[in-house]
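Engineer: Got a sequence here, can you model it:
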Amino acid sequence: MKRDIIGYLIGLALFIILIPAIMFWASGDIRPGVTGIVFLIILGIAGIGLSIWSIVYMKLVGKGNPMDAFNHEIAPRTSRLMTDGPYRICRNPMLLGVFSYYVGVMIFLRSWQAVAIFAAYFLIMMIQVNREEKRLEQDFGVEYINYKNKTKKIIPFIW
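Structural biologist: Below is the predicted model of the structure:
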C-alpha cells in the first residue's frame, strides 16, 4: 500500500505539476486570453479526469498500478489485461488524458517553448509506450495482440 501511494505521488508530481511548471517557466511572460483560460480549464478537467479514471480502473480491474517506467517496476504491474472502461477508448487513456491537459496548457501559454517541451515529452513517452507494448505482448500474448489490433494506441479513431 505504501508503495502504491509513493507511485501515485510521483505521478502527480511529475505529470500534473512538474511538466506544466517547466512549460510555464520556459514560456516567460504569460498573457493568456479568456480563450486560453477556458481551454486550460476544460482540457485540464477532462484530461486529468480521464487519467484518474484510468488509474482507478487499473487498480480495481487490472489489480496493479501505472508506475512502470522503461521496464522498471516502480509499483506492482497489472495482473489482468484491461480492455473495458477507459481502455476501450484507446490503449493508453492515462496518457491521452495527460496529453489533453498539456494541450490546454499550451493553448493557455501560447508559446513555442511550451510546444517544444511537449514535443520532447511526447517523444519520450512514445519510446516508453512502445517498450511497454512489447512487455504487454509477452505478459498477455494473443489476448493483447487482439486488443492492440482493434484499439487505437492513443487518439481514438485516429492513432
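Engineer: mind checking how far the closest residue to residue 79 other than its chain neighbours is from residue 81?
Structural biologist: Nearest non-adjacent residue to residue 79, counting by Cβ to Cβ, 6 or more residues apart in numbering: residue 63, 4.5 Å away. The C-beta positions use only the backbone N, C-alpha and C, and glycine is treated the same way. Distance of residue 63 to residue 81, given as Cβ to Cβ, to the nearest Å: 11 Å.
Engineer: neighbour-wise, which of these two wins?
Structural biologist: Between residue 63 and residue 81, residue 81 has the larger neighbour count (other Cβ atoms under 10 Å), namely 16 against 13.
Engineer: The residue nearest the centre of the chain and residue 31: what is the separation?
Structural biologist: Centroid-nearest residue in the chain, with Cα atoms, centre = their mean: residue 95, separated by 1.9 Å. To residue 31, residue 95 is 30 Å away according to Cβ to Cβ.
Engineer: so where is this structure shaky, pLDDT-wise?
Structural biologist: 1-8, 65-77, 159 (pLDDT under 70).
Engineer: If we use 50, what do you get?
Structural biologist: Within the chain, no range satisfies pLDDT under 50.
Engineer: what's the offset of the longest helix that it contains from the middle of its chain?
Structural biologist: Ranked by residue count, the top helix of the chain under DSSP state H comes out as helix 112-140. Chain-centre distance of helix 112-140: 9 Å, with Cα atoms, centre = their mean, to the nearest Å.
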